[in-house]
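Novice: Have a look; sequence and predicted model below, questions after that.
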Amino acid sequence: MKRDFDEISDDEWANHSFKPSRILTTTQNGKHKSNSSSSSFFPPPLESFAFKKPQHNPLSSGDDDCVQVTEHFNLEDDDVEEEEETTRPSAVNRGRRFVVDDDDEDEEVEERENGADLAEVYDIKSSDDEWEEEGLAVEDDDLVGKALQKCAKISLELKRELYGTGMTSCDRYAEVEASSVKIVTQDDIDAACAVADSGFQPVLKPYQLVGVNFLLLLHRKGIGGAILADEMGLGKTIQAITYLTLLKYLHNDPGPHLIVCPASLLENWERELKKWCPSFSVLLYHGATRSAYSKELGSLAKAGLPLPFNVLLVCYSLFERHSAQQKDDRKILKRWQWSCVLMDEAHALKDKNSYRWKNLMSVARNANQRLMLTGTPLQNDLHELWSLLEFMMPDLFATEDEDLKKLLNAEDGDLISRMKSILGPFILRRLKSDVMQQLVPKIQRVEYVSMEKHQDCAYKEAIEEYRAVSHARIAKVSKGDPNTIVGVLPRRQISNYFVQFRKIANHPLLVRRVYSDEDVICFAKKLHPKGAFGFECTLERVIEELKSYNDFSIHRLLLYHDINEKKGILSDKYVMLSAKCRALAELLPDLKKCGHRVLIFSQWTSMLDILEWTLDVLGVTYRRLDGSTQVTDRQAIVDAFNNDTSINACLLSTRAGGQGLNLTGADTVIIHDLDFNPQIDRQAEDRCHRIGQTKPVTIYRLVTKGTVDENVYEIAKRKLVLDAAVLESGMEVNNEGDTLTMGEILSSLLKV
Ligand SMILES: Nc1ncnc2c1ncn2[C@@H]1O[C@H](COP(=O)(O)OP(=O)(O)OP(=O)(O)O)[C@@H](O)[C@H]1O
């Protein structure tokens, strides 16, 4: 079957976490006890964190903007694709900020400003006996426990610093508005950000000021990583930019900083940097001009000259591909000692085995600090969260992937509380409900829609077809339960069936049912002489290709080639064959009449095509943004939508349009098809529920009744329980209800 769900690759589907890794069982007598509550555990005294203004104001010196090229300059640096990159000793040692590796005492350690590495400062133990004394001994195979040991002292010290001695058991920094740590105040920010001739005066909200202090605190303590995980739209970008400004102002550190973000956000970052820190020079390293800059940067590096900018802004794709140009780019990036490598939407690093993770790590490992911004740090499971931790602090969290995977799949209440303790010192997360009482309300609605005859028949036919195929297969290979396909059908096939059911639940035109094989042969005969598939293509090949098309794709092809005979181009009534499109037909005109403006998200571009048709039929004006939209056009589309109230709607693919964009021109979000990963949908809904929104926001989730849509919704809800349990204080996992795997769902659907 031809792939027509462009936003999701086959690999992604195959690896999609449908597994119910979060059947959460709270152990009654958990083998491991959380160490964070150990009261017999007193860390060594720390230096004072009191804020001192520098004697010398770095802003007054023009030369301070110049940044030295690292001396570890190696033109022959290999890219990470060449296998053992991440374990190469030189890469590990070069920029190493602290060492906690128990048995490698000879490691070369770069001394910190205050003359000691973190392992020394926090007196991290090297032998089991010493841990035993502290009541923190763990078994050899307890990977989480080991990491917890390493974090415990850092954690306690930082918590004490933030909360005072009475509150060391607090799990997160959310409530630190009353924090005793005030390294900087708004006055300091005024002084640091003041630029002559600029009418703009940045004023941080109180919790944002806390966020900046949190980052400065970790920096002062020489902690090489941090995760700023405030909910979407609370201003992480602004806090990060202010922090970088203060590094220059307080610590005479003008960079260079490397900022990595999704392509859609490059322009927004450039704009916010210009607005909030106009004194920084920023180089956007992307698109056509990149190769020109690449040569220039390469020459600068070769000549050992300082970089002429404070911030280099790049997108994640630079770390994903294997083209010669991208390999060259990465080699160049590795040559500089970055002060801060900042990753926006850092959940993009949830897969430690991806090229993106490894390539970016090979650049970021040497940085003084790896700062991650994400409103959704916990995506599908704890294993993915660990990938983020390992990226942030490789020395602390690196471990054998396979062992960890097994361990973190066995999620339970005790493990979750231990993960909370591990995260404690490094993560700052505030929820909108915590800090922005004045933020407009968000109303959640789930619309269960009912299929009518055509769609219902299509769904039932698909069940019959797949049931017959899978039963034949089961009969052939298995003598076991005839009603389970798990372990009998290949995973990919289960996944394909599931996708087919999801498609029909979304729109029946996403499969071929209207056009028969005879129709297809007839169309092929018309299309072949027109060279629709190239003039060298044989008629047989055209027929074969067309047979793999869905109804909508054939309709579009006929439309394009103007072939409109009997049962040719479909009439508008076909677009209303889906329950969801009919729901839109009811909802959108009303919303338009009341002046509401709407964001409509789908995971599939082919579905967005059908939605365009639907909106045309309904007379709703719209813009569209998906993965195929030129990066240079994306901000213009966002601006056009936000500023032009005559545009009623914006169609977005959940992947390309769901992250980072500010679309406060809308006050309504429709999630047309839900993702298994609820964080993806959360990201999408917060495009308009954010600072700057003045109207209450309504979120509609469309779920087709009696289809796998309902299972996807259940799985997504369950995953949010884990998210709240790990990242929110006071929330606990519960054992109510099991989450089925995709295979189990299909088994029950296909059983006789
Ligand atoms: N203190 C402030 N004063 C004025 N505007 C602000 C302030 N803080 C944030 N904003 C504005 O609020 C909007 C949301 O901020 P931002 O994009 O930084 O949020 P975010 O947390 O990074 O969101 P996401 O997770 O969706 O990327 C932006 O338009 C930003 O300019």
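Specialist: Sure thing, it's come through.

Novice: Kindly report the residues of the stretch 151-300 of the chain close to the ligand.
Specialist: Contact residues, the stretch 151-300 of the chain versus the ligand (Cβ under 6 Å from any ligand atom): 203-205, 208, 230, 232-238. Using the backbone N, CA and C atoms, a C-beta is placed for each residue, glycine as well.

Novice: Equivalent analysis for the stretch 301-450 of the chain, please.
Specialist: Taking Cβ under 6 Å from any ligand atom as the measure of proximity, the stretch 301-450 of the chain contacts the ligand at residue 375.

Novice: Low-confidence regions, the stretch 301-450 of the chain specifically.
Specialist: Applying pLDDT under 70 to the stretch 301-450 of the chain picks out residues 379-381, 399-424, 436, 438.

Novice: how many neighbours does the closest residue to residue 265 other than its chain neighbours have?
Specialist: In space, and not counting its chain neighbours, residue 265 is closest to residue 660: 4.1 Å by Cβ to Cβ, 6 or more residues apart in numbering. Look at residue 660: counted by other Cβ atoms under 10 Å, it has 23 neighbours.

Novice: Leaving out sequence neighbours, find the closest residue to the residue of the stretch 251-400 of the chain found nearest the ligand.
Specialist: At 3.8 Å from the ligand, residue 375 is the closest residue in the stretch 251-400 of the chain, using Cβ to the nearest ligand atom. Leaving out its chain neighbours, the residue that sits closest to residue 375 by Cβ to Cβ, 6+ apart is residue 232, at 3.7 Å.

Novice: and the one you found, helix, strand or coil?
Specialist: Assigned state for residue 232: coil (three-state reduction, DSSP: H, G, I helix; E, B strand; the rest coil).

Novice: so it makes contact with residue 374?
Specialist: No - using Cβ atoms under 8 Å, residue 232 is not in contact with residue 374; the gap is 9.1 Å.

Novice: out of the two, which sits in the more crowded spot?
Specialist: residue 374 (27 against 22).

Novice: where do the strands sit along the chain?
Specialist: 225-228, 257-261, 282-284, 311-315, 340-343, 369-373, 427-428, 442-449, 598-602, 622-625, 649-653, 668-671, 697-704 (DSSP state E).

Novice: Format those strands as JSON lines; extra columns: mean neighbour count and distance to residue 247.
Specialist: Putting the strands of the chain into JSON lines (neighbours: other Cβ atoms under 10 Å; distance: least, Cβ to Cβ, whole Å) gives the following:
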{"stretch": "strand 225-228", "mean neighbour count": "25", "distance to residue 247": "13"}
{"stretch": "strand 257-261", "mean neighbour count": "26", "distance to residue 247": "8"}
{"stretch": "strand 282-284", "mean neighbour count": "19", "distance to residue 247": "15"}
{"stretch": "strand 311-315", "mean neighbour count": "23", "distance to residue 247": "11"}
{"stretch": "strand 340-343", "mean neighbour count": "26", "distance to residue 247": "7"}
{"stretch": "strand 369-373", "mean neighbour count": "25", "distance to residue 247": "9"}
{"stretch": "strand 427-428", "mean neighbour count": "26", "distance to residue 247": "17"}
{"stretch": "strand 442-449", "mean neighbour count": "14", "distance to residue 247": "34"}
{"stretch": "strand 598-602", "mean neighbour count": "27", "distance to residue 247": "36"}
{"stretch": "strand 622-625", "mean neighbour count": "20", "distance to residue 247": "34"}
{"stretch": "strand 649-653", "mean neighbour count": "26", "distance to residue 247": "35"}
{"stretch": "strand 668-671", "mean neighbour count": "25", "distance to residue 247": "36"}
{"stretch": "strand 697-704", "mean neighbour count": "22", "distance to residue 247": "35"}
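
Novice: No further queries at this time; thank you.
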